[in-house]
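S.K.: After the sequence you'll find the predicted model.
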Amino acid sequence: MRDNTLNILIGGEAGQGLVTVGQLLAKSLVRSGYFIVVTQSYQSRIRGGHNTFAIRVGVDEVIAPKEPVDLLVALDGDTVTLHRKDLSSTESGVSPRLLPGISKHLVVDDSDEHTEDGHITEDLSVRKLMVEKRLRKGEGMRAEVISPDVQGEEKPHLLLVSWGSSKGAVQEAATRMKSNGEKVATLHFSQVWPLVPDKFMEHLEKAEEVVCIEGNAFGQLSRLIRRETGFQINKKVLRYDGLPLTPESILRDL
């Protein structure tokens, strides 16, 4: 996105429903409070031909279309071929791609390093570009990371750290401890990667004691936190007998 606007181009063959899709998207954007400018292009044929539906969207008033495409929605392979050159540089590292099964075109994919048409390559310059592209994707993920859920005392004597499906059991254990007058808080990660220290380090540092509660034998989250932040969680409650964590099992081992 540049200049607070995003240019979306939907392309495909006449009859594929791109106008319907474009109109639905445009109405949704307007109802969400965004400003838009819509342009359509189509070939002078009675039937068929390549058509496009473009939406320029912004948080402020938008008064004209623009040429560089930020997001290309391809309903067929011809759209990628015809409009790849119109794409602005992908600062996010996310490129347009044709999904298998939505058109008559062959989709080539490769798990090794490959060129933009899906064929394997050992070109060192391509390898470098693709690594940098993946790093940009990682930055985009970090910018949208889900912050861990924090509940309880702001400066607790005991902070219970957990992740995944253990949330309910940990929160109930914390509630029982609070009813006994203990200053307890919980820090639950619903997303464990990427870890962004700014989202949770202050809570770890404010607690007098931190305990990581996990349903594995290794303390996987505590190891990850130490690797990414240097913060050492010394005490762990680990359950690995094949049964789920429960409030009783947590309180028994604390």
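M.R.: Structure received.
S.K.: pLDDT below threshold where in the chain?
M.R.: Applying pLDDT under 70 to the chain flags residues 1-3, 43-48, 85-99, 102-105, 116-117.
S.K.: where exactly do the strands run in it?
M.R.: 5-13, 35-42, 50-58, 71-74, 149-152, 158-163, 184-189, 209-214, 235-238 (DSSP state E).
S.K.: Can you add distance to residue 64 and give those strands back as TSV?
M.R.: Any C-beta I mention is one placed from the backbone N, CA and C, and that applies to glycine too. Compiled in TSV, the strands of the chain are given as follows (distance: least, Cβ to Cβ, whole Å):
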stretch	distance to residue 64
strand 5-13	10
strand 35-42	6
strand 50-58	8
strand 71-74	18
strand 149-152	43
strand 158-163	48
strand 184-189	44
strand 209-214	54
strand 235-238	59
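S.K.: Point out the most buried one among those.
M.R.: Highest mean neighbour count of the strands of the chain: strand 158-163, a mean of 25 (counted as mean count of other Cβ atoms under 10 Å).
S.K.: Parallel or antiparallel, list what pairs with that strand.
M.R.: strand 184-189 (parallel), strand 209-214 (parallel) (DSSP bridges).
S.K.: Just give me how far the first one sits from the chain centre.
M.R.: Just to be clear, that refers to strand 184-189. Offset of strand 184-189 from its chain centre (Cα atoms, centre = their mean, to the nearest Å): 23 Å.
S.K.: picking up where we left off before, please identify which of the strands paired with strand 158-163 is closest to residue 39.
M.R.: The closest of those to residue 39 is strand 184-189. By Cβ to Cβ, the value is 43.9 Å.
S.K.: got the CA positions of that closest one in CSV?
M.R.: Extracted C-alpha coordinates of strand 184-189, given in CSV (Å, rounded to 0.1, in the frame of the first residue of the first chain):
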residue,chain,number,x,y,z
VAL,A,184,-2.0,-14.5,40.3
ALA,A,185,-2.1,-13.6,36.6
THR,A,186,-2.1,-15.6,33.3
LEU,A,187,-0.4,-15.0,30.0
HIS,A,188,-1.8,-17.1,27.3
PHE,A,189,-0.4,-17.4,23.7
